[in-house]
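A.B. asks: dropping a prediction and its sequence here:
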Amino acid sequence: MRKGILEYCVLLIISRGEIYASDIIGELKSARLLVVEGTLYPLLTRLKNNGLLSYNWVESTSGPPRKYYVLTPEGKAILSQLDGTWQELVYAIENSKNKS
Amino acid sequence: MKKTLHINIGNSIILIEEDAYEMLTTYLIEVKQYFAKNADDLEIVTDIENRIAEMFGEMLVQQQKKVISIADVQSVIKQMGSVKDFESSEEENGGEYKKDNLPFSSVKKLYRDTDQAMIAGVCSGLAHYLDFDIRWIRLTALFTVLIGGAGILAYIILWIMIPRAETKTEKMYMKGQETNLRGFANIHLEPLMEQSKGFLAEFFDVIGNFATGTGKAIFKVIAIGIIAASSFFLISLFIAMIALLGIWDADVANYFPFSIVNDEYFTPLTVSAFVVGAIPLLALILFSARVAFSKREVNKTLSFVLLIVWLAGMAPLIIYITKISSEFKEGAEFSQVTELKPYTTYTLTVDRTRFFSKQDSMSYSIDAENYRGKKILTDIDDEFKAPRDTRLWLEKSENGKISLTENFRSRGRNFETALKNAQNIHYDFLQTDSVINFNPMVQLEKNVRWRGQEVELTLKIPVGTTVIISEEFRRYMSGNIYWDCEHEDRKGFYELLMTDDGIKCKYEATGRKSE
């Protein structure tokens, strides 16, 4: 059931602008979608390899340079598709709930 | 105080405590293993490492310290998540990265286990890898060595090929322990391995360790064998002492060589001989016990006491032996001539049955009334009772008379005691017609000590007298007699003839005449 939702949320977070992985995690944690950081990295890598994301290396004040993720045009297209799918889902669920 | 290491993680140089390092290494190996199936494993792991490096950097700044401790690593792992966390979140998300082979936690790698090594840990490593009892692996290895020695070559090849389990992580893989943090905790308290060495250096190390490892085991077996043998001898010695002291009436005191020892010396001599014999055995047992059971060294006081007791036993032993030897210093002898009834042929024989005289029966504590005239078989087959002490010489009689000279000899402290000892000899022979029955040995009165008493008999016979010797006589007597002069008719008898040139075999002397 939750499959796909995590990816959708990650895309949503990144769509707001260039963002660092640990900031993504912060948001996911507060949304109770993720507990540990380790699971995010394979997800990000997979999305990137599917061409939905890309990243830029940004120098950090402390420690090594960081990867800042952004959506590719393809990622944006997928995200708007997903938005549509999500609206359909919400409509379906709301509809079912209200009729009962 | 803790050992710290410099590590390079995510292109940052971090100073980290050794135990924290071990934990971190374990964690990263776990993570690498977990993502190994993923096509992007390198990138994922690099991301994670970079993030960890960043977290460390933040920690050092925030806590204003220079070294990463184990608590820091634990908090980082908590934040990053353990492999179990990855697994559980994957299950929720469809299990994309789940490996389809064996569950990760039981992955094993082949390492040499030098902690349990007999030689270089090849067998113990194989035992871990194959999950076999190490004893069977070793037995098999020993077997292959024994049949043609192929095992030796195989062992050396495996030794060179299989890496040694050096880090705790490698040991965990070797044992197939769950390579998560719980598994890590199991061996966390184990001492750290020494630095890695080359094969040759390790080879010589192993040779050295062999003496303290397997070699020690062999020494232990030998030591236990020595303990068993020494204990056996010690007990035998003790029983012998008890027997000699007459606690059991074994009557050994009358047998050679104990018959040498004077009665008054007997008890102290026996005890001191026991001490002299027993102390080295005891010391041997103590020393072997130390080797066999790795006990601490024998107490110095104890070994000193043992030495003193041994010397204390040695002193009387030497004194008594000297005293007893001095009783062999002087010799004395006297002769007694008995004329024999004349016959032209004499038969000499030894009868192992003999008539006890009253004196004999008294000296042997036999009730004379009950034994008078009865034949008693004496036990002269016992070689230990005394050395051979009777001899007989055949000589030509110049005056035509037939006589038997008994020459009694003995030794003593001085001439008087030697003569007295000689006079204490009881020797008897019995002439029945032409048959002379000899006692094969000297009789000593009870309580008379052996001082080399012996009897030399000289039978003087005129020329032309025939002497027939029985097989028994030949067995028990010695002298100048030609023992190979077999009788022509009687088997087991020997026939001699006194000629002008002395004693000769009868068939030699008369052979030509009878032909």
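C.D. replies: Okay, I see it.
A.B. asks: how far off centre is stretch B:308-323?
C.D. replies: 27 Å (CA atoms, centre = their mean, to the nearest Å).
A.B. asks: contact partners for B:L237?
C.D. replies: Taking CB atoms under 8 Å, 6 or more residues apart in numbering or on different chains as the contact definition, B:L237 lies against B:F274, B:G277, B:A278, B:L281. Where C-beta positions appear, they are placed from N, C-alpha and C, glycine not excepted.
A.B. asks: past the helix or strand hosting B:I279, which element shows up next along the chain?
C.D. replies: Per DSSP states H and E, B:I279 falls inside helix B:263-293. Remark: after helix B:263-293, the chain's next helix or strand is helix B:300-326, criterion DSSP H and E.
A.B. asks: on that earlier part again, identify each buried residue in the helix holding B:I279, please.
C.D. replies: B:265-266, B:269-279, B:281-289, B:291-292 (16 or more other CB atoms under 10 Å in any protein chain shown).
A.B. asks: thinking again about what came up before, want to try JSON lines for the contacts of B:L237, with pLDDT and distance to chain A as columns?
C.D. replies: Formatted as JSON lines, the contacts of B:L237 follow (pLDDT from 0 to 100; distance: CB to the nearest CB, whole Å):
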{"residue": "B:F274", "pLDDT": "88", "distance to chain A": "80"}
{"residue": "B:G277", "pLDDT": "89", "distance to chain A": "77"}
{"residue": "B:A278", "pLDDT": "90", "distance to chain A": "75"}
{"residue": "B:L281", "pLDDT": "89", "distance to chain A": "71"}
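A.B. asks: just to check, B:E43 is in contact with A:R46?
C.D. replies: No: here B:E43 does not reach A:R46: they are 10.2 Å apart, not a contact under CB atoms under 8 Å.
A.B. asks: can you pull the contacts of the nearest residue to A:P65 once chain neighbours are set aside?
C.D. replies: The shortest distance from A:P65 to any non-neighbouring residue, by CB to CB, 6 or more residues apart in numbering or on different chains, is to A:W57 (4.7 Å). Shown in contact with A:W57 (CB under 8 Å, 6+ apart): A:P65, A:R66, A:K67, A:Y68.
A.B. asks: now that we have these, which one has the most neighbours?
C.D. replies: A:K67 (22 neighbours; other CB atoms under 10 Å in any protein chain shown).
A.B. asks: do the host helix or strand of it and chain B come into contact?
C.D. replies: If you go by DSSP H and E, A:K67 is part of strand A:66-71. Yes: Strand A:66-71 reaches chain B (CB under 8 Å from any CB of the partner chain) through A:R66, A:K67.
A.B. asks: tell me which other helices or strands the helix holding B:I279 touches.
C.D. replies: helix B:214-244, helix B:300-326 (3 or more CB pairs under 8 Å, 6 or more residues apart in numbering or on different chains; DSSP states H and E).
A.B. asks: buried sites along the host helix or strand of B:F56?
C.D. replies: When secondary structure is defined by DSSP H and E, B:F56 falls within helix B:41-63. For helix B:41-63, a neighbour-count test (16+ other CB under 10 Å) marks B:41, B:43-57, B:59-60 as buried.
A.B. asks: give me the neighbour count for the closest residue to chain B within chain A.
C.D. replies: The nearest approach of chain A to chain B comes at A:V36, 2.4 Å away (CB to the nearest CB). Other residues lying near A:V36 total 19 when counted by other CB under 10 Å.
A.B. asks: and if you look at the one 5 residues further on?
C.D. replies: Using other CB under 10 Å, A:Y41 has 25 other residues around it.
A.B. asks: my guess is it contacts A:A21. True?
C.D. replies: Yes: the pair A:Y41 / A:A21 is scored as a contact, 7.1 Å apart, by CB under 8 Å.
A.B. asks: so B:V455 is in which element?
C.D. replies: Taking DSSP H and E as the criterion, B:V455 maps to strand B:454-461.
A.B. asks: could you list every residue that touches B:I44?
C.D. replies: A:Y41, A:P42, A:T45, B:F35, B:N38.
A.B. asks: B:V435 now?
C.D. replies: B:V435 touches B:Y346, B:T347, B:T349, counting by CB under 8 Å, 6+ apart.
A.B. asks: closest to A:P73 among those?
C.D. replies: Closest approach between the contacts of B:V435 and A:P73, by CB to CB: B:T349, at 137.8 Å.
A.B. asks: and for that closest one, nearest residue in space, chain neighbours not counted?
C.D. replies: Nearest non-adjacent residue to B:T349, counting by CB to CB, 6+ apart: B:S470, 4.0 Å away.
A.B. asks: still on that earlier bit, which among the contacts of B:L237 gets closest to B:V76?
C.D. replies: B:L281 (66.8 Å).
A.B. asks: quick check: that closest one touching B:A229?
C.D. replies: No: contact criterion CB under 8 Å: B:L281 and B:A229 do not qualify, at 9.2 Å.
A.B. asks: just the pLDDT for B:L311.
C.D. replies: If you check B:L311, the pLDDT there is 90.
A.B. asks: my guess is the residue of chain A closest to chain B contacts B:I77. True?
C.D. replies: No: in this structure, A:V36 is not within contact of B:I77 by CB under 8 Å, at 9.1 Å.
A.B. asks: picking up where we left off before, for the contacts of B:I44, give me JSON lines that also has distance to B:E339, secondary structure and pLDDT.
C.D. replies: JSON lines is the format used below for the contacts of B:I44 (distance: CB to CB, whole Å; DSSP: H, G, I helix; E, B strand; the rest coil; pLDDT from 0 to 100):
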{"residue": "A:Y41", "distance to B:E339": "132", "secondary structure": "helix", "pLDDT": "86"}
{"residue": "A:P42", "distance to B:E339": "131", "secondary structure": "helix", "pLDDT": "84"}
{"residue": "A:T45", "distance to B:E339": "134", "secondary structure": "helix", "pLDDT": "87"}
{"residue": "B:F35", "distance to B:E339": "125", "secondary structure": "helix", "pLDDT": "84"}
{"residue": "B:N38", "distance to B:E339": "128", "secondary structure": "coil", "pLDDT": "74"}
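A.B. asks: same list (those residues) but as a markdown table, adding distance to B:G225.
C.D. replies: Shown next, in a markdown table, are these (distance: CB to CB, whole Å):
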| residue | distance to B:G225 |
| --- | --- |
| A:Y41 | 65 |
| A:P42 | 65 |
| A:T45 | 68 |
| B:F35 | 59 |
| B:N38 | 62 |
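A.B. asks: for B:F219, state which of those residues is nearest.
C.D. replies: Of all the contacts of B:I44, B:F35 has the smallest distance to B:F219: 51.7 Å, by CB to CB.
A.B. asks: just to revisit the earlier point, now do the next helix-or-strand element following the strand holding B:V455: which elements does it pack against?
C.D. replies: Where DSSP H and E defines the elements, the next helix or strand beyond strand B:454-461 is strand B:466-470. Applying 3+ CB pairs under 8 Å, 6+ apart, one finds that strand B:466-470 contacts strand B:345-350, strand B:493-499.
A.B. asks: shouldn't B:T405 be within a strand?
C.D. replies: Yes: B:T405 forms part of a strand when assessed by DSSP: H, G, I helix; E, B strand; the rest coil.
A.B. asks: bridging residues for it?
C.D. replies: On the basis of DSSP bridges, B:T405 is bridged to B:V337, B:T458.
A.B. asks: perfect, that will be all.
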